[in-house]
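[1] Have a look; sequence and predicted model below, questions after that.
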Amino acid sequence: MRRAGRVLTGVDRVEWAYLRALQNEPVPVFALIRAPLGYILLDSAGVAAIAPSLGGPAAGVAADAHRLRVWRTARRVSVARVPPALLGRMLQRRLPRGFAYLNVGHSNLTDRVMRTVRALGAHISVFVHDIIPLEYPEFQREGSVPPFAAMIERVGARADLVIYNSADTQRRTEARLDTPPAGIVAHLGTDMITATPQDIPEDVVTNRPFFLCVGTIEPRKNHAFLLDLWEGMGKGAPDLIIAGARGWKNEDVFSRLDALPSDGRIHEVAGLGDGALAALMDRASGVLFPSHAEGFGMPAVEAAARGVPVIVNDLEVFREVLGDIPVYASVSDRYLWINKIKELAEADRQASKQPTFVAPTWDAHFKAVLRLT
C-alpha cells in the first residue's frame, strides 16, 4: 500500500505474487493494512477491489495520485477500521478462529501486530528476504539498522514458520537467532514478462552493443565498480545502461553519473516498466550484477531465464540458484570483468546465448510453502 503506483521492487514482486496466490486459495483471505491512524481490515471482496491497483504504476497516472486513489478505495471497501489499541478486538470479532497470519514483505512486523495475532492463536509465517542490513550496516539508510535488528529478533521469538528465498539466506539468518523457528527454503518464481520495445525511451541507445545493470542505485549494488570499469576501458567500451531509481548513501556515484556527457557510453534511466526492461534484457550483450550481497538476485534469474548472458559477483546465493549458467567474476578481479565484457560485446548475439535455464516457478514455490502456513 505504501508503494502503490511505483515500479515494483524485488520484495514488491514477492508480495504481489503472494497476493495473487492467496486470492486463488479456497479459503477466505483478509488484508490487514497499517494506516496513519490505526488499522484497516479488508475481507476477500475488499482485497479483490484493491488488488488490481497494486501491480505497478498505472498508465498516465502520477504515483502520488495513484496511491491516494488506492487508499481511498481501501477505506471505502473496508469491513473495519480501528485505532491501534483496538486491533485485537477487531481481529477477534472479524476473523475466523484458527486463522493464519502471513507477512511476506519485511513491513509492519511490529510487536503490537505479532503479539496480538499470537494471543489470538494464529499460525504466524514470516518471509525473510535477507539480513543484509545486519551484515552490511554501512550500506543502509541512517537509523534503519536497529529497527531491522529488532524485527529479526521478533521473527525469531514469535514466528511459527520462516520462509526463506534461498538456503544462503536461511543459513545467515538462523546464525543470528538463538532458537530459530521452523524454516522452509523456496526459491522465488520467475515471471516471463512480455517485452515491449516500444516502451524503451527514445534517448536510450540500443543499436550498438550495450550491457545492462538493473537495480536501485545504492552502495550494495556496487555501481561504482562498473563506472570504474568503463573508465578503464576508455573510448572503446561498449555502452552501459544503468536502469534503476537512485537510492541512498551513494552521493559519490550520483555525482559521477551527473557528470557524464550526454553523448557518452554510460546512460542512466529510471522508472522503466517491466516490458521495457524485458526488451532491454533481450537486446543486451549481457546483464551485469557486481553486487556485494544479495538475498536472491531476482533480476539475474530473470535475465538467465531469457537466455541473456549474465556476469555476476561470485556470491554463494548466485551459485545456489543459477548453477553454472552465469560467468562468475569476483569484484576483486577487474581484468576478468573487462575481458568477459569485451568478449560478449564482440560475440555474435545468438552465439553468445546462454544454455537453457529452467527458472524456478511460483507454482512450485506455493506448493511448498502454503501447505505449511
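    Perfect, I can see it now.
[2] ok, which stretches of the stretch 151-300 of the chain are helices?
    167-174, 223-233, 251-258, 274-283, 298-305 (DSSP state H, counting those that start in this stretch).
[3] One more: the stretch 1-150 of the chain?
    10-23, 44-50, 63-77, 87-94, 111-119, 132-135, 145-158.
[4] What is the distance between the longest one and the centre of its chain?
    The offset between the C-alpha centroid of helix 63-77 and the centroid of the whole chain comes to 23 Å, using CA atoms, centre = their mean, to the nearest Å.
[5] same deal with the last one?
    The gap between where helix 145-158 is centred and where its chain is centred comes out at 20 Å by CA atoms, centre = their mean.
[6] Just the element for residue 345, please.
    Element membership of residue 345, judged by DSSP states H and E, is helix 334-346.
[7] after that helix, next one along is what?
    Scanning forward in sequence from helix 334-346 by DSSP H and E, the next helix or strand is helix 362-369.
[8] what angle separates that next one from helix 10-23?
    Per axes from the mean of the first three to the mean of the last three CA atoms, to 10 degrees, the angle that helix 362-369 makes with helix 10-23 is 70 degrees.
[9] tell me which strands and helices helix 362-369 is in contact with?
    For helix 362-369, the packing partners by 3 or more CB pairs under 8 Å, 6 or more residues apart in numbering; DSSP states H and E come out as helix 10-23. C-beta coordinates here come from the backbone N, C-alpha and C atoms, glycine included.
[10] you'd agree residue 84 is up against residue 38?
    Yes. Using CB atoms under 8 Å, residue 84 makes contact with residue 38 at a distance of 5.3 Å.
[11] now residue 39: how far from residue 358?
    For residue 39, the distance to residue 358 (CB to CB, to the nearest Å) stands at 42 Å.
[12] So those two - more neighbours on which side?
    Comparing residue 39 with residue 358 by other CB atoms under 10 Å, the one with more neighbours is residue 39, at 22 against 9.
[13] The more buried one against residue 32, yeah?
    Yes. Between residue 39 and residue 32 there is a contact under CB under 8 Å: 6.1 Å.
[14] Low-confidence ranges, the protein, go.
    Confidence mapping of the chain against pLDDT under 70 gives the ranges 348-355.
[15] domain ranges for it?
    Per the record, the chain has its domains at 10-190+363-369, 197-346, by automatic domain parsing.
[16] who touches residue 81 in this structure?
    Residues near residue 81 by CB atoms under 8 Å, 6 or more residues apart in numbering: 35, 38-41, 75.
[17] That one pairs with what?
    Here residue 81 sits in beta bridges with residue 40, going by DSSP bridges.
[18] I'd say residue 295 and residue 170 touch.
    No. The criterion here is CB under 8 Å, and residue 295 misses it with residue 170 at 10.5 Å.
[19] Residue 215: which of the helices of the stretch 151-300 of the chain is closest?
    Among these, helix 298-305 comes nearest to residue 215, with 6.3 Å by CB to CB.
[20] tell me which strands and helices the closest one is in contact with?
    helix 10-23, strand 210-214, helix 274-283, strand 286-289, strand 310-312, helix 316-322.
[21] again, only this time at 6 Å
    If you count contacts as 3 or more CB pairs under 6 Å, 6 or more residues apart in numbering; DSSP states H and E, helix 298-305 packs onto strand 310-312.
[22] What pairs with the strand it packs on, parallel or antiparallel?
    Within its sheet, strand 310-312 is paired with strand 286-289 (parallel), strand 327-328 (parallel), according to DSSP bridges.
[23] tell me the phi and psi of the residue nearest to residue 8 when sequence neighbours are not counted?
    For residue 8, ignoring the flanking residues on the chain, the nearest one in space by CB to CB, 6 or more residues apart in numbering is residue 56 at 5.3 Å. Backbone geometry at residue 56, expressed as degrees, to the nearest 10, gives phi 140, psi -180.
[24] just the one 4 residues further on next, same as before
    Listed backbone geometry of residue 60 is phi 80, psi 10, with angles given as degrees, to the nearest 10.
[25] still on that earlier bit, what about the helices of the stretch 151-300 of the chain, which gets the closest to residue 62?
    Proximity to residue 62, assessed across the helices of the stretch 151-300 of the chain by CB to CB, is greatest for helix 274-283 (18.5 Å).
[26] tell me the angle the closest one makes with strand 210-214.
    Using the same axes, to 10 degrees: helix 274-283 against strand 210-214 is 140 degrees.
[27] Give me the buried positions along helix 274-283.
    By 16 or more other CB atoms under 10 Å, the buried positions in helix 274-283 come out as 274-281, 283.
[28] export those to JSON lines and tack on distance to residue 207?
    Formatted as JSON lines, the buried residues of helix 274-283 follow (distance: CB to CB, whole Å):
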{"residue": "274", "distance to residue 207": "22"}
{"residue": "275", "distance to residue 207": "19"}
{"residue": "276", "distance to residue 207": "16"}
{"residue": "277", "distance to residue 207": "18"}
{"residue": "278", "distance to residue 207": "18"}
{"residue": "279", "distance to residue 207": "13"}
{"residue": "280", "distance to residue 207": "13"}
{"residue": "281", "distance to residue 207": "16"}
{"residue": "283", "distance to residue 207": "9"}
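[29] Between which two of those residues is the distance greatest?
    So, the buried residues of helix 274-283 by CB to CB: farthest apart are 274 and 283, at 15.2 Å.
[30] residue contacts, residue 243?
    Contact partners of residue 243, counting by CB atoms under 6 Å, 6 or more residues apart in numbering, are 214, 269, 272.
[31] check contacts around residue 130.
    169, 295 are the contacts of residue 130 under CB under 6 Å, 6+ apart.
[32] Before I go, just wanted to say thanks for your time.
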